[in-house]
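Asks: sequence first, then the predicted structure, then my questions.
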Amino acid sequence: SSGINAGVREAVVSTQSTGYLLSHKMSTKVVMIGPPHTGKSTISNYLADATDAGSGEYQPTAGVRILEFNCNVPNSPPVEVQLWDCGGSPQFESCWPAIARDATALVLVASSALSPDEVQFLEMLYLRFGAQHGLKESQCAVFLNNMDDSTSNGAPAQLTGMLSKLPSETVSMNSASELPAAFGRVLGSALRTQKEEWRKGENQILSVG
């Protein structure tokens, strides 16, 4: 068990469903995306206490899977989360604007053994899902997933360029019990930033009036 109180509803949006958006306004939408085969769905399933009905073999996500659960956030009541676990293949690029819309937080997932090509791909995803949709750096984070036991004692990957400004967490399914706390820290930071932005907007309206 992940320690998160889960009330899971899972859905699949295909590439033909670009304009489809759920109407649950009370949920906090978090987008999780990264290069293919980096463990995004495994992480998502653990966070949501969802069981994978697959054979255990790698199956790329077709479009996006949506999971709902309650998440513990530091110094806050539990938060209802709508986690959009997105396929990382560029073939789903036509879905990306609809997927990114109205998100409160963005979690980029990559292998802890980052290649230059993966760094470039993550930067593109950050721009497309984060910066271009008004998310601040404190509303985004990078999960470096240690998928290879042999690298567990190695130095963590170094994020460069614009990614170096984002909070990062080194995660592993070998220590999966730490995932909820890492996700809660990311969500807490994003919610605090969102609240501050709302307050700034309210103050500007009041000053004009």
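Replies: Great, that's in hand. Because the structure is a prediction, the values reported are computed rather than measured. Numbers count the residues shown, from 1 in each chain.
Asks: could you pull out the strands for the protein?
Replies: 11-13, 28-33, 64-71, 79-86, 105-111, 140-145, 168-171 (DSSP state E).
Asks: next, give phi and psi for the closest residue in space to Ser89 that isn't next to it in sequence.
Replies: Leaving aside its chain neighbours, Ser89 sits nearest to Pro36 (5.6 Å; criterion: C-beta to C-beta, 6 or more residues apart in numbering). Every C-beta, even on glycine, is put in place using the N, C-alpha and C of the backbone. With angles defined as degrees, to the nearest 10, Pro36 sits at phi -60, psi 150.
Asks: state the number of residues packed around Pro36.
Replies: 13 (other C-beta atoms under 10 Å).
Asks: next one: Ser89
Replies: Counted with other C-beta under 10 Å, Ser89 comes out at 14.
Asks: helices and strands around the longest helix seen in the chain, which ones?
Replies: Using DSSP state H, we find that the single longest helix of the chain is helix 179-208. With contacts taken as 3 or more C-beta pairs under 8 Å, 6 or more residues apart in numbering; DSSP states H and E, helix 179-208 sits against strand 28-33, helix 40-47, strand 64-71, strand 79-86, strand 105-111, strand 140-145, strand 168-171.
Asks: and it, which residues are buried?
Replies: In terms of neighbour count (16 or more other C-beta atoms under 10 Å), helix 179-208 has its buried residues at 179-180, 182-184, 186-194.
Asks: and among the helices and strands packed on helix 179-208, the most buried is which?
Replies: With neighbours taken as mean count of other C-beta atoms under 10 Å, the helices and strands packed on helix 179-208 reach their highest mean count in strand 105-111, at a mean of 26.
Asks: could the strands of the chain go into JSON lines alongside distance to Lys40 and mean pLDDT?
Replies: Below are the strands of the chain laid out as JSON lines (distance: least, C-beta to C-beta, whole Å; pLDDT from 0 to 100):
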{"stretch": "strand 11-13", "distance to Lys40": "14", "mean pLDDT": "44"}
{"stretch": "strand 28-33", "distance to Lys40": "6", "mean pLDDT": "96"}
{"stretch": "strand 64-71", "distance to Lys40": "9", "mean pLDDT": "93"}
{"stretch": "strand 79-86", "distance to Lys40": "6", "mean pLDDT": "95"}
{"stretch": "strand 105-111", "distance to Lys40": "5", "mean pLDDT": "96"}
{"stretch": "strand 140-145", "distance to Lys40": "8", "mean pLDDT": "96"}
{"stretch": "strand 168-171", "distance to Lys40": "11", "mean pLDDT": "93"}
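Asks: could I get these as a markdown table with distance to Met162?
Replies: As requested, the strands of the chain are arranged in a markdown table below (distance: least, C-beta to C-beta, whole Å):
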| stretch | distance to Met162 |
| --- | --- |
| strand 11-13 | 28 |
| strand 28-33 | 16 |
| strand 64-71 | 24 |
| strand 79-86 | 20 |
| strand 105-111 | 11 |
| strand 140-145 | 10 |
| strand 168-171 | 13 |
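Asks: and of those, who's closest to His133?
Replies: strand 105-111 (8.4 Å; C-beta to C-beta).
Asks: roughly how far is that closest one from the heart of the chain?
Replies: Mean-position distance between strand 105-111 and its chain equals 5 Å (C-alpha atoms, centre = their mean, to the nearest Å).
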